[in-house]
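J.: please work out how this folds:
(chains A and B)
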Amino acid sequence: DGGITQSPKYLFRKEGQNVTLSCEQNLNHDAMYWYRQDPGQGLRLIYYSQIVNDFQKGDIAEGYSVSREKKESFPLTVTSAQKNPTAFYLCASSKRGDTQYFGPGTRLTVL
Amino acid sequence: GIQVEQSPPDLILQEGANSTLRCNFSDSVNNLQWFHQNPWGQLINLFYIPSGTKQNGRLSATTVATERYSLLYISSSQTTDSGVYFCAVVVSGSARQLTFGSGTQLTVLP
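T.: Numbers count the residues shown, from 1 in each chain, chains lettered A, B, ... in the order given. Reported below is the predicted structural model:
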């Protein structure tokens, strides 16, 4: 099946820990994106990548890091510098300039 | 940056009713998408509609780019239509990232 997968579905983190969220796509899309959603709000862009080995900061990049070593994969690391990381994280991909398709999301909770 | 405003913020309907959701945006856009977020959080693409009108079953959408708004119509609503509807745009000349509105929470009662 073609699509976007995210893992894990739920993630719990202790304060001070870094955690990495996985995003994989087999749609042969060039561009990939990470968004954060807080309760009752829309999505906000964290990072995006339009090509392998290149990525750009979005509106709320502080406390997050990414890598894009393979076309299919765009992992997001939530570092201890992110002051309020509890949120729903969504990954998306698209052909350049085209419709974005979203994965099922990861719910991160800081204990 | 661009402002994306959706109205109404909340909408409660009886099953079978029709509804119109509105999205206003403050700048020229290359891309406009409508999404439905189900209770499990999955975002489902409804329409890619930077301009014009499209229909898909009971749903249709119209974007008037020159007047900077888009409308999503839901006819004969069903309980499975419940969830949050988001409008998202890509600003002309930008690097293709979507800017989301804050959504319309739709509840369809049986």
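J.: partners of B:Gln55 in the sheet?
T.: Under DSSP bridges, the beta-bridge partners of B:Gln55 are B:Ser60.
J.: ok, now how distant is it from B:Thr62?
T.: Between B:Gln55 and B:Thr62 the computed distance is 10 Å (Cβ to Cβ, to the nearest Å). Backbone N, C-alpha and C define where each C-beta goes, glycine included.
J.: and these two? Which one has more around it.
T.: B:Thr62 (17 against 12; other Cβ atoms under 10 Å in any protein chain shown).
J.: list the contacts for the more buried one?
T.: Neighbour list for B:Thr62: B:49, B:52-53, B:70-71, B:73 [criterion: Cβ atoms under 8 Å, 6 or more residues apart in numbering or on different chains].
J.: where in the chain is pLDDT low?
T.: I'll assume chain A. Applying pLDDT under 70 to chain A flags the ranges A:1-2, A:97.
J.: meant chain B, my bad for not saying
T.: Low-confidence segments of chain B (pLDDT under 70): B:93-96.
J.: can you give me the strands in it?
T.: B:4-7, B:10-14, B:19-25, B:29-37, B:43-48, B:52-56, B:59-64, B:69-74, B:83-91, B:99-100, B:104-109 (DSSP state E).
J.: same question for chain A.
T.: A:4-7, A:10-13, A:19-25, A:31-37, A:43-51, A:54-57, A:64-66, A:76-78, A:87-94, A:101-102, A:106-110.
J.: you'd agree A:Ala31 is up against A:Ser49?
T.: Yes - here A:Ala31 reaches A:Ser49: they are 6.7 Å apart, a contact under Cβ atoms under 8 Å.
J.: pick out the residue nearest the middle of chain A.
T.: A:Trp34 (3.2 Å; Cα atoms, centre = their mean).
J.: quick check: bridge partners of it?
T.: According to DSSP bridges, the residues that bridge with A:Trp34 are A:Tyr47, A:Cys91.
J.: for it, what are its contacts?
T.: So A:Trp34 contacts A:23, A:45-48, A:58, A:64, A:66, A:74, A:76, A:89-92 (Cβ under 8 Å, 6+ apart).
J.: also A:Ala81?
T.: A:62-63.
J.: the same query, at a cut-off of 10 Å, please.
T.: A:18, A:62-65 (Cβ atoms under 10 Å, 6 or more residues apart in numbering or on different chains).
J.: measure it to A:Glu15 for me?
T.: 12 Å.
J.: circling back: so can I have JSON lines of the contacts of A:Trp34 showing neighbour count and distance to B:Phe35?
T.: Shown next, in JSON lines, are the contacts of A:Trp34 (neighbours: other Cβ atoms under 10 Å in any protein chain shown; distance: Cβ to Cβ, whole Å):
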{"residue": "A:Cys23", "neighbour count": "24", "distance to B:Phe35": "18"}
{"residue": "A:Leu45", "neighbour count": "20", "distance to B:Phe35": "15"}
{"residue": "A:Ile46", "neighbour count": "26", "distance to B:Phe35": "18"}
{"residue": "A:Tyr47", "neighbour count": "23", "distance to B:Phe35": "20"}
{"residue": "A:Tyr48", "neighbour count": "26", "distance to B:Phe35": "17"}
{"residue": "A:Gly58", "neighbour count": "18", "distance to B:Phe35": "18"}
{"residue": "A:Tyr64", "neighbour count": "21", "distance to B:Phe35": "23"}
{"residue": "A:Val66", "neighbour count": "21", "distance to B:Phe35": "23"}
{"residue": "A:Phe74", "neighbour count": "28", "distance to B:Phe35": "20"}
{"residue": "A:Leu76", "neighbour count": "23", "distance to B:Phe35": "20"}
{"residue": "A:Tyr89", "neighbour count": "23", "distance to B:Phe35": "16"}
{"residue": "A:Leu90", "neighbour count": "25", "distance to B:Phe35": "10"}
{"residue": "A:Cys91", "neighbour count": "26", "distance to B:Phe35": "14"}
{"residue": "A:Ala92", "neighbour count": "25", "distance to B:Phe35": "10"}
